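Participant: Below is the sequence, then the predicted model.
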Amino acid sequence: MRKRAAVLCGAAVVLAGSLTAAPAEAGTPRAAETFHAAKPVWKKCGTDDYPTLQCASVEVPLDHTDPAGRRITLALSRVPHTAKRYQGPLLVNPGGPGGSGLTLAGFVAAALPKEVAAQYDVIGFDPRGVGASEPALDCAPGHFGPVRPDPVPASSEAERANLARVRSFAAACGRKYAGLLPYIDTNSTVRDLDVIRRALGAKKLNYFGYSYGTYLGAVYAKLFPERVRRLVLDSVVDPTQVWYDANLNQDHAFNDRHRAFMAWVARYDTAYGLGTDPEKVEAAWYAMRAALKKDPAGGRVGAAELEDTYLPGGYYNGYWPYLAEAFSAYVNERDTGPLVEAYEDFGAIDASGDNGYSVYTSVQCRDAAWPRDWRQWRKDNWEVYERAPFMAWNNAWYNAPCAFWPTGSLRPERVRNGKLPPALLFQATHDAATPYQGGVTVHRLLARSSLVVESGGGNHGVTLSGNACLDRHLAAYLADGTVPRGSGGEADAVCAALPDPKPLTSKAAPTSARGSTLHGLLGFRS
């Protein structure tokens, strides 16, 4: 997704409003198999970057327990296979939830070795509610418009202001999409994937997911293990923490990643002039935050927007040189222009971001139970903030609509699985959005899986981003199913991380073109 927002807070006990009745859960995924979608009709929709891209759509039941009921439309994209050897469709997903996968199909087909990509129909899709799929959700356009209240609820007034925002957002979703929200969830999307499989005429699926897409793939594998041919999971969600605990744990990991960025800035004091002591550089960043709270840069970048702007640096270090230049210009020259530009590039939310956030909240709030007592949120997030202040409250407010969500919640699937063919997992040791333990946990839960670790890496989404070692394992697996097998320990194979970028003034390129393209497609906020 493209970004985040807010802050949390609350007074007393805040219980959600009325809950709409949850649809009956299908006891078996076979309940919807009487529905057969028409074969997609592909049309050219190529771009300059991906000229062979094709587009189509497929209808799926809104409620998979009622295949004869209302239908919705999913947008698809495809780069068709060209080799004589055909290995079937390879569905790709960028995460989110709420991320559009249409362009990702073109990227993956172009980034894989030609001889491997040629053996697959690389299929992108916009999940239900997203992008070009119909209907697409947009609960509250402009919800993230600047300048928002300070995320840190240092006063009861600030807490009430942020609580009002998130309650208003949840209520708007309930008013606009009362008939849809009970069906915007991971399990419904998983069943959509199987409808797509049948529409494509494939007996089995190949699947490649990043971030939240790893959870989507793991749940598909749980419900339809005999229909999985290849399964690639990159930057792995811990399914035992869906979703409240996962967000609290993220806060610590993002704080560590932000401090790594501060240390990088200190290392290049000659370029940025912010000092050589990482702790003093970090203090300067928080002083900038305090100043922007009082006087937003360009009338647009206050404390919340500053956090929105620097969060992407926790996802991808290729952004560090640009963020450091904006930081330096503000502190050393009182020049707000680069900071406003960085906000527009990395932090501002457009209409697609509004859509992505609407789906993000709809899925996460529906997928699992969240605390409905605001006192629990307040207690937990202040505890996190004391040790990891960078995004604790910003992240809390981003997810806080779930305290007031107008539908009931489902139970997350237990993804432990001994029926799958070998799956291939990739995980960076310092990934902030999906911390390392998630990859280890899923490796343990999926029998016969292999885990490839990027040692020392902090980026989120590591394959097809310029690391040749990782990409060799990916290509070998997609070519013939080869997976590495370790002799013990958590990892089956280890690849060294790519070097951190250099300042823009250096002769070295600040980032790989492929890495920047990929992370632009994955977005932020998994």
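Facilitator: It's in.
Participant: When you work out contacts or count neighbours from here on, use the C-alpha atoms and nothing else.
Facilitator: OK.
Participant: and A161, what does it touch?
Facilitator: A161 makes contacts with P149, as judged by CA atoms under 8 Å, 6 or more residues apart in numbering.
Participant: helix, strand or coil for it?
Facilitator: Secondary structure assignment for A161 (DSSP: H, G, I helix; E, B strand; the rest coil): helix.
Participant: same question, V232
Facilitator: Following three-state DSSP, the label given to V232 is strand.
Participant: Helices along the stretch 1-150 of the chain, start to end?
Facilitator: Remark: helices assigned in the stretch 1-150 of the chain by DSSP state H, counting those that start in this stretch are 102-111, 114-117.
Participant: got JSON lines for these, with mean pLDDT too?
Facilitator: What follows is these, written out as JSON lines (pLDDT from 0 to 100):
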{"stretch": "helix 102-111", "mean pLDDT": "98"}
{"stretch": "helix 114-117", "mean pLDDT": "98"}
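Participant: and among the ones you listed, the most buried is which?
Facilitator: Mean neighbour count (mean count of other CA atoms under 10 Å) peaks for helix 102-111 among these, with a mean of 23.
Participant: Other residues contacting it?
Facilitator: So helix 102-111 is in contact with 50, 52-53, 75-79, 91-94, 117-118, 122-126, 464, 514, 518, 521, going by CA under 8 Å, 6+ apart.
Participant: go again using 7 Å as the cut-off
Facilitator: By CA atoms under 7 Å, 6 or more residues apart in numbering, the surrounding residues in contact with helix 102-111 are 50, 53, 76-79, 92, 117, 122-126, 464, 521.
Participant: go on, stretch 470-478?
Facilitator: 112, 116, 463-464, 482-483, 495.
Participant: repeat for stretch 487-495
Facilitator: Contacts for stretch 487-495 (CA under 7 Å, 6+ apart): 440, 450-455, 469-470, 484-486.
Participant: Restricted to strands, list those.
Facilitator: Judged by DSSP state E, those include 450-455 as members of strands.
Participant: and F254, that's in a helix?
Facilitator: Yes - when three-state DSSP is applied, F254 is found to be in a helix.
Participant: any idea which element S516 lies in?
Facilitator: Under the criterion of DSSP states H and E, S516 resides in helix 513-522.
Participant: next one: that helix to chain centre, how far?
Facilitator: For helix 513-522, the separation from the chain centroid amounts to 13 Å (computed by CA atoms, centre = their mean, to the nearest Å).
Participant: which of the residues in that helix are buried?
Facilitator: Residues of helix 513-522 classed as buried: 515-516, 518-519, 521-522 (neighbour count, 16 or more other CA atoms under 10 Å).
Participant: packing partners for that helix?
Facilitator: Judged by 3 or more CA pairs under 7 Å, 6 or more residues apart in numbering; DSSP states H and E, helix 513-522 has no packing partners among the helices and strands.
Participant: Now do that helix: everything it contacts.
Facilitator: 1, 94-95, 104, 318, 465-466.
Participant: Which elements pack onto the host helix or strand of W397?
Facilitator: In the assignment (DSSP H and E), W397 maps to helix 392-399. With contacts taken as 3+ CA pairs under 7 Å, 6+ apart, helix 392-399 sits against helix 374-387.
Participant: swap the cut-off to 8 Å and go again
Facilitator: helix 244-267, helix 374-387 (3 or more CA pairs under 8 Å, 6 or more residues apart in numbering; DSSP states H and E).
Participant: Need the CA coordinates for the first one. PDB is fine.
Facilitator: C-alpha atoms of helix 244-267 as PDB (Å, rounded to 0.1, in the frame of the first residue of the first chain):
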ATOM      1  CA  TYR A 244      -2.900  -6.900  16.400                       C
ATOM      2  CA  ASP A 245       0.300  -8.400  17.800                       C
ATOM      3  CA  ALA A 246       1.900  -8.200  14.400                       C
ATOM      4  CA  ASN A 247       1.500  -4.400  14.400                       C
ATOM      5  CA  LEU A 248       2.900  -4.000  17.900                       C
ATOM      6  CA  ASN A 249       6.000  -6.100  16.900                       C
ATOM      7  CA  GLN A 250       6.400  -4.000  13.800                       C
ATOM      8  CA  ASP A 251       6.900  -0.900  15.900                       C
ATOM      9  CA  HIS A 252      10.100  -2.200  17.500                       C
ATOM     10  CA  ALA A 253      11.500  -3.400  14.100                       C
ATOM     11  CA  PHE A 254      10.800  -0.100  12.400                       C
ATOM     12  CA  ASN A 255      12.400   1.800  15.300                       C
ATOM     13  CA  ASP A 256      15.500  -0.300  14.800                       C
ATOM     14  CA  ARG A 257      15.500   0.400  11.100                       C
ATOM     15  CA  HIS A 258      15.000   4.100  11.600                       C
ATOM     16  CA  ARG A 259      18.000   4.100  13.900                       C
ATOM     17  CA  ALA A 260      20.000   2.200  11.300                       C
ATOM     18  CA  PHE A 261      19.100   5.100   8.900                       C
ATOM     19  CA  MET A 262      20.300   7.600  11.500                       C
ATOM     20  CA  ALA A 263      23.600   5.700  11.800                       C
ATOM     21  CA  TRP A 264      24.000   5.800   8.000                       C
ATOM     22  CA  VAL A 265      23.400   9.600   8.000                       C
ATOM     23  CA  ALA A 266      26.100   9.900  10.700                       C
ATOM     24  CA  ARG A 267      28.500   7.900   8.600                       C
END
